[in-house]
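> Sequence unavailable; structure follows:
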Ligand SMILES: CSC[C@H]1O[C@H](OP(=O)(O)O)[C@H](O)[C@@H]1O
């Protein structure tokens, strides 16, 4: 059975409490928008696509249990709820993309002659559709990514390195960068995967290692500081990472540590791939300098499971993400529509029309 971070049926949402993995597998009920906001903020659920999907499904759960006396009241509730959810974590664009898309939908529907109840049902349908679409997009990226890695790196004996967690625990299932690793494994082309522990939240050691063992994918856990040594001494074919926000010139915000992996990969001539659904692509931001980088609690550095591991009183800086410049994404950006070089991403995505070009001129958080 595949790992699922989200258990949803109409009127009921439960999420796997990822703070307790890998030792405990506990699903928590999400009843309200504030429950979802808290779960996202405290990283009970994390991963750019999963955050947006949990946010949208929470709206669906809230809508199903409420009656609205007017279209205005319904529209106001949808907008207020989604606007709040956008504030939980600033760097990943997926929650913002979903929120803006749903707010636009309810505005358009309310201009129609539909009843409040019909509009409510349409919004719920749109939220629920995100689950299946995410898995379909991930499997499409898995195929595109596997094909491009085989084309660029050889047909077998592939050793692939990844960072953080981008699998079933970061999405509705299958994963983005880990989806490419799964696709290579499924066709017998993956010799070995290497996953970094990904300090300080340890998405790699706690979550990716858990997924690799669960799926019986041959993998080795390494310290973040062992990336260069691993690339020097092991036959690493490619590096595949996820994305929280890919911007118009291809610069990509991803988990802290991605940038230095890209620099080391460049040094060793190892192709570096970003795997990102179009829901993580924000063409409104021209380059990486304008991406808001979340800074998290110093406790994530100074404590581990509540135990003090750093001298009390030490200053800390804990950015949760960094920005990899497009020129270091040497393999390409893998999307559900295909693989694009960073320099043509904006043009290709606009031509595909798969991206809702938002009309706002100001940058969105
Ligand atoms: C497909 S998940 C994308 C992205 O999200 C993760 O961040 P976090 O665990 O803080 O939510 C990580 O940056 C992944 O690459």
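Perfect, thanks for sending it. Owing to the predicted nature of the structure, the values given are computational and were not obtained by experimental measurement.

> wait, what's in contact with whatever residue of the stretch 151-300 of the chain ends up closest to the ligand?
At 2.9 Å from the ligand, residue 242 is the closest residue in the stretch 151-300 of the chain, using Cβ to the nearest ligand atom. (Each C-beta comes from the backbone N, C-alpha and C, glycine too.) Contacts for residue 242 (Cβ atoms under 8 Å, 6 or more residues apart in numbering) come out as 47-48, 164, 166, 170, 176-177, 254-255, 274-276, 280.

> Give me the below-cutoff pLDDT ranges for this structure.
Scanning the chain with the threshold set as pLDDT under 70 gives 1, 354-365.

> which bits of it sit near the ligand?
Counting by Cβ under 6 Å from any ligand atom, the chain comes close to the ligand at 46-49, 164, 166, 170-171, 176, 203, 242-244, 254-255, 320.

> one more time with 5 Å, if that's ok
46-48, 164, 166, 170, 176, 203, 242, 244, 254-255 (Cβ under 5 Å from any ligand atom).

> and those residues, which are buried?
Among the residues of the chain next to the ligand, the ones that count as buried by 16 or more other Cβ atoms under 10 Å are 46-48, 164, 166, 170, 176, 203, 242, 244, 254-255.

> what does stretch 58-69 rub up against?
Applying Cβ under 8 Å, 6+ apart, the contact partners of stretch 58-69 are 10-13, 30-33, 35-36, 74, 77-78, 81-82, 85, 102, 116, 120, 123-124, 127-128.

> So which of the contacts of residue 242 belong to helices?
Applying DSSP state H to the contacts of residue 242, the entries found in helices are 48, 177.

> Out of the contacts of residue 242, flag the one nearest to residue 195.
Closest to residue 195 out of the contacts of residue 242 is residue 164 (8.6 Å), distances taken as Cβ to Cβ.

> so residue 329 makes contact with residue 254?
No: using Cβ atoms under 8 Å as the test, residue 329 is too far from residue 254 to be in contact (10.3 Å).

> Overlap of the contact sets of those two?
residue 274.

> So in the protein, which strand runs the longest?
strand 190-196 (DSSP state E).

> So which other helices or strands are in contact with that strand?
strand 158-162, helix 177-186, helix 209-214, strand 219-222 (3 or more Cβ pairs under 8 Å, 6 or more residues apart in numbering; DSSP states H and E).

> I appreciate the help and will end here.
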